[in-house]
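> Predicted coordinates and the sequence they were generated for:
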Amino acid sequence: MVTFYQSTRDKSNKKAASQAILQGLAEDGGLFVPVEFPKVDLDFKKLKNASYQEVAELVLKAFFDDFSADEIKLMVTKAYGEKFDSPEIAPLKNLGNHYILELFHGETIAFKDMALSILPHLMTQAAKKNGVTNEIIILTATSGDTGKAAMAGFADVPQTKIIVFYPKGGVSHIQEQQMLTQKGANVHVVGIDGNFDQAQTAVKEMFNNKSLHDQLLKNHQQFSSANSMNIGRLIPQVAYYIYAYAQLVKTGQITDGEKINFSVPTGNFGNILAAYYAKKLGLPVGQLICASNKNNVLTDFFKTGLYDKNREFYVTSSPSMDILVSSNLERLIFELTDESDDETLTLLTALSAEGHYQISKKMMSKLQDFIADWASEEEISKEINETFENENYVLDPHTAVANYVYHQIQPKEKTVVVSTASPYKFPKVVLEGLQKSGTDLSEKIDDFAAVKSLEKLSGIPLPKAVLGLEKAEILHHTVVPVQEMQKEVEKYLGLK
């Protein structure tokens, strides 16, 4: 059985997996979701001894079954190898009464590597499979981590160009330095005078702009996306939830069939949605804990059913979560409406036009899998401090959010906190927490001095991603207003 994908805004718009991956976003502005979820044999008597690569193959073969088993095996082998500094790819650590799933062992030290290591292989193979000769233009907005991971994956990949927009002043200095020093003849990085939501909205508008689409086709080019709106980015993330469960079974921490929770730092809703998809495959999951920072629009949504982006936007110490429009929530909304494309479109149109929507009581009743809370800046810093003092473990600010929320909820089942970035990605914030909760180093020390102090204090070896970054040549200098993003794309691509 071939798994087809349909748009959340027009169910008649169906694509095979390779076509959905190539396109990224549906023509109608919707997101692609499986028409039917595949059946996967989650036999943990076998899976407990499986490598990460074998689990990834299992997941990808089920969801992307218009690729051959040999094609998937080759892509997985290329994606999950020497680029990761741990043979386990996603190691699981015991931390007091719960566990930490470390997803930052790839070359850009953030969880985005888990999917963006394989997406370029999926996309180029999909282009061959569908006879596409156009140049694939990867157009994406980033709140800090997707951009670098996507550029690292697509740099100098034939038949592709990648354009990344990020909020200038809205990411950490390390994140920005990683992006601005990215090599690759096909890479273009652009800062915007605005926030991530504005960047993401403008990117979506370009995807849906028919005139721009026609210009691209005349230039033998077509858009695709590298962020989690692309089903090719989302599905590979399902694998690490299954792998984490298998490792807990293997080490005897849980029995096969025992439910566990996942606490996930959440911004654009892709990472926690992947956990929900794992549960839909049959993974024994109790609750999915949606952990937010001060931009707590999702916390309010899960508690009240009201999604309201009409609120103050905060730049926080966990910038990858500084998001008020969580794009992947649309996939869940589609499911809550019993897959009504009309109802989904109505709700998302209201969000765009009025800035809010309210779901029905019937839809609310289907959210029992989720529980949500948030952490303030002071609570994040305190969590970093206390975790280091009590467990001798260093959290980055995003993981600290999920760890704090886990402690607030105190679920009965065993819980895995999903760690989305290395502490070296946000050294100043982490150092402030470690030295003394609430200490402000912003005017006293830069990120690279903080890196050295953090290494000395924590004893954690510096990852390759940070070594040499301070003195790396800045290759990208462009900054534009939000309203000139499309003009910048047209200029870079040589469109008339």
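Noted; the coordinates are in hand.
> in stretch 456-466, what's buried?
458, 463, 465-466 (16 or more other C-beta atoms under 10 Å). C-betas here are computed from N, CA, C, even on glycine.
> let me redo that: stretch 50-65
50, 52-65.
> that older thread, pick out the most distant pair among the buried residues of stretch 456-466.
The span of those, defined through C-beta to C-beta, is set by Ser458 and Ala465 at 16.1 Å.
> Show the residue spans covered by the strands in the stretch 51-200 of the chain.
92-95, 98-102, 135-141, 160-167, 187-193 (DSSP state E, counting those that start in this stretch).
> Residues touching the shortest one, excluding its own?
Defining contact as C-beta atoms under 8 Å, 6 or more residues apart in numbering, one finds that strand 92-95 is touched by 99-102, 244, 247-248, 253, 387, 391, 393, 416-417.
> Now do Leu367: how many residues are near it, please.
By other C-beta atoms under 10 Å, 18 other residues sit near Leu367.
> list the contacts for it?
With C-beta under 8 Å, 6+ apart, Leu367 has these contacts: 302, 336.
> ok but it is inside a helix, no?
No: using DSSP: H, G, I helix; E, B strand; the rest coil, the assignment for Leu367 is coil, not a helix.
> Next, work out how far apart it and Lys161 are.
To Lys161, Leu367 is 40 Å away according to C-beta to C-beta, to the nearest Å.
> about what we covered before: ok, of the buried residues of stretch 50-65, which one's closest to Asp85?
Set against Asp85, the nearest of these by C-beta to C-beta is Tyr52 (13.3 Å).
> now the closest residue in space to the closest one that isn't next to it in sequence: how far from Tyr357?
Excluding its sequence neighbours, the residue lying closest to Tyr52 (C-beta to C-beta, 6 or more residues apart in numbering) is Ile89, at 3.8 Å. To Tyr357, Ile89 is 38 Å away according to C-beta to C-beta.
> cool, Tyr492 as well?
For Tyr492, the distance to Tyr357 - C-beta to C-beta - is 35 Å.
> same question, Met229
Going from Met229 to Tyr357 by C-beta to C-beta gives 19 Å.
> List the contacts of the residue lying closest to Met75 once chain neighbours are set aside.
Distances taken as C-beta to C-beta, 6+ apart place His121 nearest to Met75, at 4.0 Å, with adjacent residues excluded. Taking C-beta under 8 Å, 6+ apart as the criterion, His121 is in contact with 75, 78-79.
> confidence score at the residue nearest to Glu488 when sequence neighbours are not counted?
Spatial nearest neighbour of Glu488, excluding adjacent residues (C-beta to C-beta, 6+ apart): Val480 at 5.1 Å. According to the prediction, Val480 has pLDDT 97.
> So Val480 lies in a helix, does it not?
No: counting by three-state DSSP, Val480 falls outside a helix, being strand.
> Pull up the gap between it and Gly459, please.
For Val480, the distance to Gly459 equals 42 Å [C-beta to C-beta].
> My understanding was that Val401 contacts Trp374; is that so?
Yes: with contacts counted by C-beta atoms under 8 Å, Val401 reaches Trp374, the gap being 7.5 Å.
> Can you pull the residues that touch both of these two?
Common contacts of Val401 and Trp374 (C-beta under 8 Å, 6+ apart): 291-293.
> Make TSV from those residues and add neighbour count to it.
Below are the shared contacts of Val401 and Trp374 laid out as TSV (neighbours: other C-beta atoms under 10 Å):
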residue	neighbour count
Ala291	32
Ser292	26
Asn293	29
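> Compute the first-to-last residue distance for stretch 466-478.
From its first residue to its last, stretch 466-478 covers 23 Å (C-alpha to C-alpha, to the nearest Å).
> quick one: the strands in the stretch 301-450 of the chain?
306-308, 356-358, 370-374, 414-419.
> In its sheet, which strands sit next to the longest one, and in what direction?
Strand 414-419 has these partner strands in its sheet, going by DSSP bridges: strand 98-102 (parallel), strand 260-265 (parallel).
> Looking at the ones you listed, spot the one closest to Glu470.
Between Glu470 and those, the tightest spacing by C-beta to C-beta is seen for strand 98-102, at 24.4 Å.
> Counting neighbours, which bits of that closest one end up buried?
Neighbour-count burial for strand 98-102 [16+ other C-beta under 10 Å]: 98-102.
> What of stretch 6-15?
Buried-residue list, stretch 6-15, by 16+ other C-beta under 10 Å: 6-11, 13, 15.
> Might you list the low-confidence residue ranges for the chain?
Along the chain, the model assigns pLDDT under 70 to residues 1, 436-444, 496.
> try it again with 50
Along the chain, segments meeting pLDDT under 50 span 437-438.
> Cool, thanks, talk later.
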